[in-house]
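Student: quick one, what's the 3D model for this:
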Amino acid sequence: MAPTAGSAPPPIKFTTHHHLRQRLVLATLVGRPLHVSQIRSNSPKPGLTNHEYSFLRLLESVTNGSYFEISVTGTSFLYKPGLITGNNGKVLKHTVPESCTRGVSYFLEPLCALAPFSKSPFSIVLDGGVITSATEEDYSVDTLRTAVLPLLANFDIGRNIEVRINKRSSAGKGSDGKFSPGAGEVHLTFGHQVRLPKTLHLVNPGRVKKIRGVAYVTGVSVGNNMRMIEAARGVLNRFINDILIHANSSSSQLVPSTYGSNNPAAAHNNNASAQKKKIGTGYGMSLVAETSTSCLYAADTFAAPGEAPEDVGIRAAHMLLHEISLGGCVGRIGVNLIMTMMGMGMDGDVGRVMLGRETIGDELIQSWRDMKTIMNGGEIVVREWEGLEGAGAGTGRQGADGVVVGVVGRGVGNVGRKIA
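Tutor: The predicted model follows:
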């Protein structure tokens with residue numbers, strides 16, 4: 001039976017934990033309830049992980065009226081989104097679990113999609129088990145700051161936005177093969193809220209004119225920075241001269257010896273708590289290439305145990321060159337944010353963006369399917385890029401291979417500003 005006028009719509013049903021974060025963000029933006037089941041139901045450790053629980057708590061903190069109903073085993077939950085308020089502009093502190101294996105960009109990227117449609121500015125401090133460096137699944141905070149947030153300028157969103165790293169912390173597997181937790185701190189300030197984002201028309205990738213980057217070390221020799229930078233420039237200088245890679249060094253964090261332990265008895269041991277240890281040591285590099293039309297391509301990598309800094313710098317340079325070779329106006333980092341903002345555009349307006357063929361993978365295709373399901377029929381059209389004069393002229397890329405993706409805006413916009 002169809003819902004009566006004024007009643008809440010029935011929840012949209014999904015299964016498994018895949019694409020969970022993107023689905024929660026879309027549901028929050030449009031106010032659609034979600035029911036997710038079969039979350040790792042066949043796994044030895046069924047249910048939601050600690051970083052997924054933490055993300056649900058963060059989502060509840062930045063909204064007003066959100067409701068979660070989670071099963072005892074954690075393998076299913078019901079989510080009824082509330083109004084995005086951003087804690088009414090006050091500084092909100094969220095503590096990430098000490099044993100979290102995901103980078104802090106796992107939490108920051110969804111916040112950057114929600115913040116433009118908040119009723120009030122965002123100001124959030126993330127501490128606890130924060131990993132500011134890149135990981136196997138997430139990019140670093142430096143890449144978020146230099147390559148992802150600038151993408152919002154295409155939608156006229158760019159004022160009073162800042163990501164500040166108060167404490168750096170690298171993480172990963174140590175030389176003993178065990179996971180080393182993070183202990184950093186990041187402050188996100190997002191003060192530019194809009195009613196509706198601007199319709200995007202981005203089909204001219206342009207020529208790469210400069211490369212910027214950050215080489216960072218935490219708790220290890222500062223000389224590793226220079227070695228990474230010299231190795232990366234040795235690869236990139238053959239293509240372009242305007243290269244500037246900033247070197248950043250910081251000390252590792254001093255925490256109790258029980259930090260990150262899953263043993264509650266050890267955590268309450270006073271003698272063990274009195275002892276200290278250093279964590280978050282490591283180094284890595286983030287590179288960003290900018291074109292003449294302000295398109296961005298990013299690459300991010302970190303050092304494996306025992307890996308030489310020269311190998312990290314060379315790998316980062318090769319990763320950046322590969323991203324540029326894919327073509328398009330948006331790289332693989334940040335493409336989901338672009339698509340979400342295009343779907344939130346003015347009702348009936350068609351935004352266009354050129355993407356490289358290899359940029360369109362299984363994750364992006366599933367993201368399009370989720371957008372059509374949750375946004376109730378948003379149309380997405382993919383066609384060949386014809387390189388028409390004006391739209392494709394002057395790119396400097398002979399035989400560019402890409403497609404143009406058109407997204408029809410749903411006109412949902414900022415519900416908080418409607419009410420206000």
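
Student: which stretches in the chain count as helices?
Tutor: With DSSP state H as the criterion, the chain has helices at 20-30, 50-61, 105-114, 141-143, 223-236, 264-267, 270-274, 309-326, 335-343, 362-374, 415-419.

Student: now the first one: average pLDDT?
Tutor: By that I understand helix 20-30. Helix 20-30 shows a mean pLDDT of 94.

Student: with stretch 254-268 instead?
Tutor: In the prediction, stretch 254-268 has an average pLDDT of 68.

Student: do the same with stretch 45-65
Tutor: 94.

Student: ditto for stretch 322-339
Tutor: Stretch 322-339 comes out at a mean pLDDT of 93.

Student: put the alpha carbons of it into PDB.
Tutor: C-alpha atoms of stretch 322-339 as PDB (Å, rounded to 0.1, in the frame of the first residue of the first chain):
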ATOM      1  CA  HIS A 322      49.200   7.100 -14.300                       C
ATOM      2  CA  GLU A 323      46.300   9.200 -13.000                       C
ATOM      3  CA  ILE A 324      47.100  11.900 -15.600                       C
ATOM      4  CA  SER A 325      47.200   9.300 -18.400                       C
ATOM      5  CA  LEU A 326      43.600   8.100 -17.500                       C
ATOM      6  CA  GLY A 327      42.400  11.500 -18.800                       C
ATOM      7  CA  GLY A 328      39.100  13.200 -18.000                       C
ATOM      8  CA  CYS A 329      38.500  16.300 -15.800                       C
ATOM      9  CA  VAL A 330      38.300  14.400 -12.500                       C
ATOM     10  CA  GLY A 331      40.600  11.700 -11.200                       C
ATOM     11  CA  ARG A 332      39.600   8.600  -9.300                       C
ATOM     12  CA  ILE A 333      40.100  10.500  -6.000                       C
ATOM     13  CA  GLY A 334      37.100  12.700  -5.400                       C
ATOM     14  CA  VAL A 335      34.900  11.500  -8.300                       C
ATOM     15  CA  ASN A 336      32.200  10.200  -5.900                       C
ATOM     16  CA  LEU A 337      32.000  13.700  -4.300                       C
ATOM     17  CA  ILE A 338      31.600  15.300  -7.700                       C
ATOM     18  CA  MET A 339      28.700  12.900  -8.600                       C
END
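
Student: redo the helices of the chain as TSV? Include mean neighbour count and distance to Lys90.
Tutor: All C-beta atoms are positioned from the backbone trio N, CA, C, and that covers glycine. Output for the helices of the chain, formatted as TSV (neighbours: other CB atoms under 10 Å; distance: least, CB to CB, whole Å):
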stretch	mean neighbour count	distance to Lys90
helix 20-30	22	20
helix 50-61	18	11
helix 105-114	22	15
helix 141-143	27	22
helix 223-236	20	37
helix 264-267	12	30
helix 270-274	10	31
helix 309-326	20	38
helix 335-343	24	25
helix 362-374	16	29
helix 415-419	13	16
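
Student: check what pLDDT Val404 gets.
Tutor: What the model reports as pLDDT for Val404 is 93.

Student: what is the neighbour count of it?
Tutor: Counted by other CB atoms under 10 Å, the residues lying close to Val404 total 21.

Student: how close does it get to Glu307?
Tutor: Using CB to CB, to the nearest Å, one gets 40 Å for the distance from Val404 to Glu307.

Student: any idea how far the residue positioned nearest the centre of the chain is from Arg23?
Tutor: By CA atoms, centre = their mean, the chain has its centre lying nearest to Glu109, at 3.3 Å. Separation of Glu109 from Arg23 (CB to CB): 14 Å.

Student: with Asp311 instead?
Tutor: 37 Å.

Student: thought Arg80 was touching Ala8?
Tutor: You called it Arg, but residue 80 is Lys. Yes - at 7.4 Å, Lys80 counts as touching Ala8 under the criterion of CB atoms under 8 Å.

Student: overlap in contacts, these two.
Tutor: Jointly contacting Lys80 and Ala8 under the rule CB atoms under 8 Å, 6 or more residues apart in numbering are Pro33.

Student: show me the shaky parts of this structure.
Tutor: Applying pLDDT under 70 to the chain flags residues 1-7, 172-178, 262-274, 387-401, 414-420.

Student: swap the cut-off to 50 and go again
Tutor: Within the chain, the segments meeting pLDDT under 50 span 1-5, 266-267, 388-396, 398-399, 419-420.

Student: so which of the helices of the chain comes closest to Thr281?
Tutor: The minimum distance between Thr281 and the helices of the chain falls on helix 223-236, with 10.9 Å, by CB to CB.

Student: tilt between the closest one and helix 309-326?
Tutor: 40 degrees (axes from the mean of the first three to the mean of the last three CA atoms, to 10 degrees).

Student: show me how far helix 223-236 is from its chain's centre.
Tutor: 26 Å (CA atoms, centre = their mean, to the nearest Å).

Student: and that helix, what does it pack against?
Tutor: Judged by 3 or more CB pairs under 8 Å, 6 or more residues apart in numbering; DSSP states H and E, the packing partners of helix 223-236 are strand 208-218, strand 243-250, strand 282-291, helix 309-326.

Student: which residues does the second one contact?
Tutor: What it means is strand 243-250. Outside strand 243-250, the residues within contact range by CB under 8 Å, 6+ apart are 167-168, 210-219, 222, 225-226, 229, 232-233, 236-237, 285, 287.

Student: quick one: buried residues of that strand?
Tutor: Neighbour-count burial for strand 243-250 flags 243, 245, 249-250 (criterion: 16 or more other CB atoms under 10 Å).

Student: could I get those residues as a markdown table with distance to Glu363?
Tutor: Output for those, formatted as a markdown table (distance: CB to CB, whole Å):
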| residue | distance to Glu363 |
| --- | --- |
| Ile243 | 30 |
| Ile245 | 29 |
| Ser249 | 34 |
| Ser250 | 32 |
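
Student: and those, which two are the farthest apart?
Tutor: Of all pairs drawn from those, the greatest distance, 23.2 Å, lies between Ile243 and Ser250 (CB to CB).
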